[in-house]
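In: No letters, just coordinates:
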C-alpha cells in the first residue's frame, strides 16, 4: 500500500492554497490512501493481454436516413398563424425604429 502521510497532504493543501484544519488533514490522509489503493488495483487489472477500449460497448450509428417527406406549402404553414403579411409570419416589433 502506497503510504500517504499527513505531511504529503499538508504539502498538497499548501500547493493548492487550501486551508485545512487538523481534523480535515487527518481525514484527507485516510481518504487519499483509499483513492491511491483503488487506482493501483485498477492498474493491476489492466494487463497487456486486455485490449484498450474507449467504450465498453460497440458504437453504431442510430440515426435514421434523411429522406424528404411531406413538405408544407407557404399557405399551409401560415393557415393557423395569428397574423401574416406578404407570405410571412407577422410578429410584434421589439425595437423602435432601429
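Out: Looks like it came in fine. Everything numeric in this text was worked out from a predicted model, so none of it was measured.

In: tally of neighbours for residue 28?
Out: When counting by other CB atoms under 10 Å, one arrives at 19 neighbours for residue 28. The C-beta positions use only the backbone N, C-alpha and C, and glycine is treated the same way.

In: Can you tell me the closest non-neighbouring residue to it?
Out: Spatial nearest neighbour of residue 28, excluding adjacent residues (CB to CB, 6 or more residues apart in numbering): residue 9 at 5.1 Å.

In: show me where pLDDT drops low in this structure?
Out: Scanning the chain for pLDDT under 70 picks out 1-2, 46, 97-98.

In: those helices in the protein, which residues are they?
Out: With DSSP state H, the ranges of helices along the chain come out as 6-15, 22-45, 74-78.

In: what's the closest of those to residue 57?
Out: Residue 57 sits nearest to helix 22-45 of all these, at 18.7 Å, using CB to CB.

In: Next, format the helices of the chain as a markdown table and append distance to residue 56.
Out: Formatted as a markdown table, those follow (distance: least, CB to CB, whole Å):
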| stretch | distance to residue 56 |
| --- | --- |
| helix 6-15 | 32 |
| helix 22-45 | 14 |
| helix 74-78 | 45 |
